[in-house]
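1. Attaching a predicted model along with its sequence, questions to come.
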Amino acid sequence: MKHEVRLIGGRWKRSKLPVADRPGLRPTPDRVRETLFNWLGQDLAGWRCLDAFAGSGALGFEAASRGAAEVVLIERDAVLARSLDASRQRLGANALCVETADALAWMARCAPRRFDLVFLDPPFDAGLLAPALALAAPLAADGGFVYLEAGEALPAPPAGFTTYRQGRAGAVHHGLWRRGYTPADP
């Protein structure tokens, strides 16, 4: 059975993305995406983004819809990757690139500090959060962000990062870390 999610902002606001019934696939809820893009700002013009466990592509397509210059979607499931590419073509999302690959292996090969924003939303029950975080942190540029979602409380950010924002919506814990960010004194 197919479901869909709607993009909530930007150029393709209200456009639908298909969500296949695949093991472990759990699209980021609308409320969480809305919160995330309120934290980041609605205009991501010129940003370079990585959606490391793309799934439905909701996070990466939201970034592209808001003007990101480059969005790389990594998805190891070939069925999902084909669906992402079909959505990319349908929307004319030329800033998006879909890679059929294992996210951990892809991030291990990637040049450091390449992205302004890295999305990490691995399947909750796969034990991938810690290894994904270790590989994603070096990919964030100076002043860049790592966004993460988990089914449990989030870990402390790694050295060089500060918690920029965090929240919880139902069972979803979500947070945004920033490289080199120091919160202003109260």
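-> Received the coordinates, thanks.
2. Just give me the residue right at the centre of the chain.
-> Geometric centre of the chain, nearest residue: Phe119, 2.6 Å, by CA atoms, centre = their mean.
3. packing partners for the helix or strand hosting that one?
-> Assigned by DSSP states H and E, Phe119 falls within strand 115-120. Here strand 115-120 touches strand 48-51, helix 58-65, helix 129-136, strand 140-150, going by 3 or more CB pairs under 8 Å, 6 or more residues apart in numbering; DSSP states H and E. (Each C-beta comes from the backbone N, C-alpha and C, glycine too.)
4. can you list these in CSV and add mean neighbour count?
-> Listed next are those as CSV, based on neighbours: other CB atoms under 10 Å:
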stretch, mean neighbour count
strand 48-51, 26
helix 58-65, 28
helix 129-136, 18
strand 140-150, 21
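5. of all the ones you listed, which lies closest to Asn38?
-> Asn38 lies closest to helix 58-65 among the helices and strands packed on strand 115-120, at 11.8 Å (CB to CB).
6. Name every strand pairing with the least confident helix or strand in the chain by mean pLDDT and say which way it goes.
-> Lowest on mean pLDDT, DSSP states H and E among the helices and strands of the chain sits strand 16-19, with a mean of 82. Partners of strand 16-19 in the sheet, by DSSP bridges, are strand 3-6 (antiparallel).
7. average pLDDT for the strand it pairs with?
-> Mean pLDDT, strand 3-6: 86.
8. likewise stretch 110-124?
-> Confidence over stretch 110-124 (mean pLDDT, whole number) is 95.
9. Which one of the helices and strands packed on strand 115-120 lies nearest to Pro158?
-> Nearest of the helices and strands packed on strand 115-120 to Pro158, taken as CB to CB: helix 129-136 at 7.0 Å.
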